[in-house]
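Peer 1: Need the 3D shape of this:
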Amino acid sequence: MSRVVTFSEYGGPEVLEIRDIDVPQPGPAEVRIRVKAIGLNRAESMWRSGNYVEPVRLPARLGYESAGEVEAVGAEVLHVEVGDSVSTVPSFSLNDYGMYGELVLAPAHAVVRHESFVSFEAATAIWNPFITPYGAFVESGLLRAGDTVLIPAASSSVGIGAIQLAKMVGAVPIALTRTSAKRGRLLEEGAAHVIVTDEQDLVAEVSRITEGKGAKFAFEPVGGSNFPKLVSAMAEEGTIFVYGALSEETTPLPMLDVLAKRIVIRGYNLFATTTNPVRQKAAVDFIFDGIRKGALKPVIGKRFTFEQIQDAHRELEKNQHFGRIVVSV
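Peer 2: Numbers count the residues shown, from 1 in each chain. A predicted model of the protein is given here:
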């Protein structure tokens, strides 16, 4: 038996329940993991509320990223063995697997044996935060040293990952944050500049920083009414990677600016990378190398216990934390 988190109806954090279930032996291409830590993603709160890009089959599990020890492996699994320390890469549907639990099954292709220098908690704070910008910036081959990158929601785990990764490849990360409370932390994590959007004019500040050229890239998870400002701050032939839709507002598209500047607006998520074995391995190797060299550093914002899963989701939805929210099991 194992305690796992489930929900039977859409709603706020209060719909999450901890239940006892039987966890079967792994199938041929599955791994059973004794979980030590879980990393929370905003996608999971959208899944819980029924606002994700994929329809939810209720009752449902949830959770993309966990870390722990291998307890059993399927007959076809060769890359990990019982006793290994592992973590899970987001590369599956939450309708098929959920990592919020004490004992979970995971598809073998999502299971990565992590290096000894990565703790269980840290292992839940590396894949989504770093693979997401890796695919957009590095794997695409588009980002060049010296390019300026606007990073809205910069204090999120992916935002911090984008700052570190952009700096690692020699680009100029410009962090966007609503208030000045997190300015110092963002600079410490590698932001070359911080723009406080509730206090400063985004377009004017980007123009000042780039000497009138505008930003070459934007890495956008929000949308909503501020999206036209982001477009106005872009350079000619700039690219906006849209990897999320956190705002509940309608997102206007300023057609004249898009046409005049020949802006590329590119829908993006990490699954094209993580569901391809060759591309996933390249991403994992790149990220482990960056961590080993100290260029990439997982940031944990707040910690909760497994029994506090509802509180952890409430904290997630406040959008006030800095880095990854981690639940210990």
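Peer 1: for this structure, what's the longest helix?
Peer 2: Longest helix in the chain by number of residues, with DSSP state H as the criterion: helix 277-293.
Peer 1: For the very next helix or strand once past it, C-alpha coordinates in CSV please.
Peer 2: Downstream of helix 277-293, the next assigned helix or strand under DSSP states H and E is strand 300-305. Extracted C-alpha coordinates of strand 300-305, given in CSV (Å, rounded to 0.1, in the frame of the first residue of the first chain):
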residue,chain,number,x,y,z
ILE,A,300,14.4,25.8,-3.6
GLY,A,301,12.0,28.4,-2.4
LYS,A,302,9.9,26.7,0.2
ARG,A,303,9.5,23.3,1.7
PHE,A,304,6.4,21.4,2.8
THR,A,305,5.7,17.9,4.1
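Peer 1: after strand 300-305 comes which helix or strand?
Peer 2: Proceeding N to C from strand 300-305, the next assigned helix or strand is helix 309-318, under DSSP H and E.
Peer 1: ranges for the strands of the stretch 51-200 of the chain?
Peer 2: 65-73, 85-88, 103-107, 111-113, 148-151, 172-177, 193-196 (DSSP state E, counting those that start in this stretch).
Peer 1: Tell me which other helices or strands the fourth one touches.
Peer 2: Right, strand 111-113. strand 85-88 (3 or more Cβ pairs under 8 Å, 6 or more residues apart in numbering; DSSP states H and E). (Each C-beta comes from the backbone N, C-alpha and C, glycine too.)
Peer 1: Pull up the pairing partners for the strand it packs on, direction included.
Peer 2: Sheet pairing for strand 85-88, assigned by DSSP bridges, gives strand 65-73 (antiparallel), strand 111-113 (antiparallel).
Peer 1: what's near enough to touch residue 269?
Peer 2: Residue 269 makes contact with 53, 132, 243 under the criterion Cβ atoms under 8 Å, 6 or more residues apart in numbering.
Peer 1: Next up, phi/psi of residue 215, please.
Peer 2: phi -90, psi 140 (degrees, to the nearest 10).
Peer 1: That one touches residue 143, doesn't it?
Peer 2: No - the pair residue 215 / residue 143 is not scored as a contact, 11.7 Å apart, by Cβ atoms under 8 Å.
Peer 1: Tell me the residues that contact both of the two, please.
Peer 2: With Cβ under 8 Å, 6+ apart, residue 215 and residue 143 have common neighbours residue 149.
Peer 1: could you dump the strands of the stretch 51-200 of the chain to CSV with mean pLDDT, distance to residue 21 and mean neighbour count?
Peer 2: What follows is the strands of the stretch 51-200 of the chain, written out as CSV (pLDDT from 0 to 100; distance: least, Cβ to Cβ, whole Å; neighbours: other Cβ atoms under 10 Å):
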stretch, mean pLDDT, distance to residue 21, mean neighbour count
strand 65-73, 98, 15, 22
strand 85-88, 97, 18, 24
strand 103-107, 98, 9, 22
strand 111-113, 97, 20, 20
strand 148-151, 98, 39, 27
strand 172-177, 97, 41, 26
strand 193-196, 97, 45, 21
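Peer 1: Any idea which of these gets closest to residue 28?
Peer 2: Evaluated with Cβ to Cβ, the strands of the stretch 51-200 of the chain place strand 65-73 nearest to residue 28, the distance being 9.6 Å.
Peer 1: re earlier: can you tell which of the strands paired with strand 85-88 is closest to residue 104?
Peer 2: Within the strands paired with strand 85-88, the stretch nearest residue 104 is strand 65-73; the backing value is 6.4 Å (Cβ to Cβ).
Peer 1: follow-up on the earlier one: tell me what the longest helix of the chain is packed against?
Peer 2: If you count contacts as 3+ Cβ pairs under 8 Å, 6+ apart, helix 277-293 packs onto helix 157-168, helix 271-274.
Peer 1: Tell me which of these sits most buried.
Peer 2: Ranked by average neighbour count under the criterion mean count of other Cβ atoms under 10 Å, the helices and strands packed on helix 277-293 are headed by helix 157-168 at a mean of 27.
Peer 1: other SSEs contacting that one?
Peer 2: Where contact means 3+ Cβ pairs under 8 Å, 6+ apart, helix 157-168 is packed against helix 132-133, strand 148-151, strand 172-177, helix 277-293.
Peer 1: circling back: now the helices and strands packed on helix 277-293 in a markdown table, with mean pLDDT and distance to residue 309?
Peer 2: Below are the helices and strands packed on helix 277-293 laid out as a markdown table (pLDDT from 0 to 100; distance: least, Cβ to Cβ, whole Å):
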| stretch | mean pLDDT | distance to residue 309 |
| --- | --- | --- |
| helix 157-168 | 96 | 18 |
| helix 271-274 | 94 | 24 |
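Peer 1: three-state assignment of the nearest residue to residue 18 once chain neighbours are set aside?
Peer 2: Beyond its immediate neighbours in the sequence, the residue positioned closest to residue 18 (Cβ to Cβ, 6 or more residues apart in numbering) is residue 3, lying 5.3 Å away. Secondary structure state of residue 3, per DSSP: H, G, I helix; E, B strand; the rest coil, is strand.
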